[in-house]
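*Asks:* fold the following for me, if possible:
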Amino acid sequence: MNIVVVGSSGHAKVVIDIIEREGQYTIAGLLDDFRPVGEEAFGYKILGKVADLAALVEGYRLEGGTIAVGDNWKRAKIAQTMLLALPGFSFITAIHPSAQIARGVHVGRGTVIMAGVVVNSDSQIGNFCILNTRSSLDHDCVMEDFSSLAPGATTGGNVHIGAFSAISLGANILQGRCIGSHTVIGAGALVVRDIPDHSLAYGVPARVIRHREEGESYLETRPSSSAK
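*Replies:* A predicted model of the protein is given here:
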């Protein structure tokens, strides 16, 4: 099955490695709005921009793909653009062979689960989520669409993480807590109570620092020619 990967940043490098290790798909090339066609990244050529997808499907016999962009909001906007152009486009799920996925777990389309991740029984992971390196989602948790766990983030059981929310590096969420949508939990935080929608919260214990707007950037970026 020929697929395309959207993005060519460091995050994309990790996603490509997962796909290669799974051995289920052949990567035809990459899409990136900020790099010229024909340029090479991680051993694959840039085929075009996201807007070029429909024109590339036949020529490269593309049957699906994944969005390797770490920012939850940006990933959602790209998915929206792709589905408007090709409503039936198939988004693959990429799971690193070393991840531990328990019985009863549901993983949505377009989701990426990285090395060393543990997902325990009956957890529900939505579409286009990211579970980063050595993060842990305990039993009966819910991650809504376009949410993410950063490396080393850990939850207890029965935790609910709202759509577009990001749990940062090494943060811990106690069992039964609810994280609202469009919320960011800062690195190293300890969440002991529910955190509402549209919040930035951090500290031990975590407290709400300020309101967040939808689409507000939360990942550190450096000047680059590639999509982040």
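*Asks:* what residue is smack in the middle of this structure?
*Replies:* When C-alpha atoms, centre = their mean is applied to the chain, the residue found nearest the centroid is I130 (3.0 Å).
*Asks:* okay, the closest residue in space to D52 that isn't next to it in sequence and A189: tell me how far apart.
*Replies:* Of all residues not flanking D52 in the chain, L31 sits nearest, at 7.1 Å (C-beta to C-beta, 6 or more residues apart in numbering). For glycine as for every other residue, the C-beta is placed from the backbone atoms N, C-alpha and C. Taking C-beta to C-beta, to the nearest Å as the criterion, L31 is separated from A189 by 34 Å.
*Asks:* repeat that for E216.
*Replies:* 18 Å.
*Asks:* comparing these two, which shows the higher neighbour count?
*Replies:* The neighbour comparison of E216 against A189 (other C-beta atoms under 10 Å) goes to A189, with 24 against 12.
*Asks:* grab the nearest non-local neighbour of the more buried one.
*Replies:* A206 is the one closest to A189 (C-beta to C-beta, 6+ apart), at 4.1 Å.
*Asks:* hmm, I195 and that neighbour touching each other?
*Replies:* Yes - the pair A206 / I195 is scored as a contact, 6.8 Å apart, by C-beta atoms under 8 Å.
*Asks:* quick check: neighbours shared by those two?
*Replies:* When contacts are counted by C-beta atoms under 8 Å, 6 or more residues apart in numbering, A206 and I195 have I185 as shared neighbours.
*Asks:* quick one: low-confidence parts of the chain?
*Replies:* In the predicted model, the chain carries pLDDT under 70 at residues 220-228.
*Asks:* what about L83, how many neighbours?
*Replies:* A total of 12 residues lie near L83 under the criterion other C-beta under 10 Å.
*Asks:* would you confirm that it belongs to a helix?
*Replies:* Yes - with DSSP: H, G, I helix; E, B strand; the rest coil as the criterion, L83 is located in a helix.
*Asks:* so it makes contact with F89?
*Replies:* Yes - the criterion here is C-beta under 8 Å, and L83 meets it with F89 at 6.2 Å.
*Asks:* can you give me the distance of the nearest residue to I16 once chain neighbours are set aside to Q175?
*Replies:* Distances taken as C-beta to C-beta, 6+ apart put F42 closest to I16, at 5.5 Å, once the chain neighbours are dropped. Noted for F42: a distance of 39 Å to Q175, by C-beta to C-beta.
*Asks:* equivalent analysis for V69, please.
*Replies:* 31 Å.
*Asks:* more neighbours: these two, which one.
*Replies:* Taking neighbours as other C-beta under 10 Å, V69 and Q175 compare with V69 leading, 28 against 13.
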